[in-house]
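Chemist: no FASTA, just this:
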Ligand SMILES: Nc1ncnc2c1ncn2[C@@H]1O[C@H](COP(=O)(O)OP(=O)(O)OP(=O)(O)O)[C@@H](O)[C@H]1O
Ligand SMILES: [Mg+2]
């Protein structure tokens with residue numbers, strides 16, 4: 001489990017202060033994957049550096065499985081860092097070393113006995129699906145294979161926590177999904193606690209149990225995937241369940257509706273239309289399954305002059321979220 005409490009990081013540039021993290025608190029339960037998303041400059045990389053204490057937080061605390069990192073002494077800190085495995089956008093392998101030698105590197109640093117290193121590094125390569133590639137050099141591996149070696153190396157010190165900073169941003173879609181499946185599988189198998197920094201919503205949709213949106217150094221939205229998605233009109237909901245832009249026809253009121261679970265949109269809309277004797281026009285729609293829950297997100301338009309209030313009230317009564325469209329900041 002990762003616990004971050006009121007983390008602040010202020011950089012000084014001459015006499016100017018840059019508040020990169022402005023009181024970030026976060027809890028990621030063991031065995032789960034938490035996504036951190038946010039625009040450029042939001043503080044994502046700073047958060048990663050502060051989590052590993054590569055960069056000292058200005059204030060606040062970080063603990064992993066109850067062990068406080070922020071107040072640890074030099075020795076303890078080094079031991080604590082070994083409980084954290086890191087994966088980056090590029091695997092950053094050493095070109096002059098084979099796959100197995102790259103994986104062995106963190107074990108050499110802590111002076112693991114030589115025969116133990118060999119077996120462990122080979123085991124790890126097998127775990128990430130690279131049995132048979134022990135003696136391949138990075139130049140002989142594909143991007144996805146290199147990232148697998150990077151993952152094996154991150155796991156070498158038996159970490160409790162895996163920090164992934166844009167782990168698939170350099171990979172093609174198919175390889176991305178393979179690597180994400182591997183991270184998900186390893187999380188469950190090894191009982192890891194995982195934090196994934198990403199700018200790709202696809203990554204969040206595929207593997208995250210929960211997600212935080214970072215903006216201006218603060219967490220402005222957070223929660224389980226299905227809860228943030230269900231929050232119609234929020235930035236995370238809009239990015240998780242995007243609707244294509246579509247010009248309204250005429251001047252009729254436009255509503256955005258969001259429903260989840262087994263509810264099928266068509267019978268619900270048909271019965272609503274019949275009840276109020278309205279011709280409803282679907283302008284845009286998307287149906288997606290997130291964290292095992294199906295979501296439907298629609299933009300519908302009423303005929304010119306029709307009052308949307310009774311329809312909206314009726315749909316809300318059916319457990320559907322409704323808002324007037326065009327009110328979002330985007
Ligand atoms: N070493 C530093 N000195 C001064 N300011 C810094 C330093 N590192 C980061 N910052 C500032 O802190 C803020 C957050 O930066 P950070 O790199 O964490 O953003 P990010 O979310 O990772 O962005 P990106 O998506 O572009 O990688 C920015 O305003 C940045 O300019
Ligand atoms: Mg960054």
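Modeler: Right, received. Where do you want to start? None of these values were measured; they are calculated from a predicted model. Ligands and ions are numbered 1, 2, ... in the order given.
Chemist: check contacts around residue 215.
Modeler: 38-39, 42 (Cβ atoms under 8 Å, 6 or more residues apart in numbering). In short, each C-beta sits where N, CA and C put it, glycine included.
Chemist: sort out for me which of these are in helices.
Modeler: Secondary structure assignment (DSSP state H) places none of those within helices.
Chemist: so residue 49 lies in a helix, does it not?
Modeler: Yes. Residue 49 forms part of a helix when assessed by DSSP: H, G, I helix; E, B strand; the rest coil.
Chemist: that one: neighbour count?
Modeler: Applying other Cβ atoms under 10 Å, we find 17 residues neighbouring residue 49.
Chemist: can I get the contacts of residue 215 in TSV with distance to residue 239, neighbour count and pLDDT?
Modeler: Output for those, formatted as TSV (distance: Cβ to Cβ, whole Å; neighbours: other Cβ atoms under 10 Å; pLDDT from 0 to 100):
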residue	distance to residue 239	neighbour count	pLDDT
38	11	22	94
39	11	12	92
42	14	23	95
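Chemist: keep those residues, but drop any that are not near ligand 1.
Modeler: For ligand 1, the contacts drawn from the contacts of residue 215 by Cβ under 6 Å from any ligand atom are 38, 42.
Chemist: closest one to residue 240 out of the contacts of residue 215, please.
Modeler: Nearest to residue 240 among these is residue 38, at 14.3 Å by Cβ to Cβ.
Chemist: for that closest one, give its distance to residue 249.
Modeler: Taking Cβ to Cβ, to the nearest Å as the measure, residue 38 falls 36 Å from residue 249.
Chemist: where does the protein have low pLDDT?
Modeler: 262-265, 326-330 (pLDDT under 70).
Chemist: hmm, 50 instead?
Modeler: By pLDDT under 50, the low-scoring segments of the chain are 327-330.
Chemist: related to what we said a few turns ago, could you export the contacts of residue 215 as TSV, including distance to residue 198?
Modeler: TSV is the format used below for the contacts of residue 215 (distance: Cβ to Cβ, whole Å):
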residue	distance to residue 198
38	10
39	12
42	12
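Chemist: for ligand 1, what are the nearby residues on the protein?
Modeler: Near ligand 1, when you scan the chain using Cβ under 6 Å from any ligand atom, you find 11, 13, 18, 20, 38, 40-46.
Chemist: just the buried subset of those, please.
Modeler: Buried residues within the residues of the chain next to ligand 1, defined by neighbour count using 16 or more other Cβ atoms under 10 Å: 20, 38, 42-44, 46.
Chemist: what's the neighbour count on the closest residue to ligand 1 within the stretch 51-200 of the chain?
Modeler: Residue nearest to ligand 1 within the stretch 51-200 of the chain: residue 199 (6.2 Å; Cβ to the nearest ligand atom). Residues within reach of residue 199, counting by other Cβ under 10 Å, total 14.
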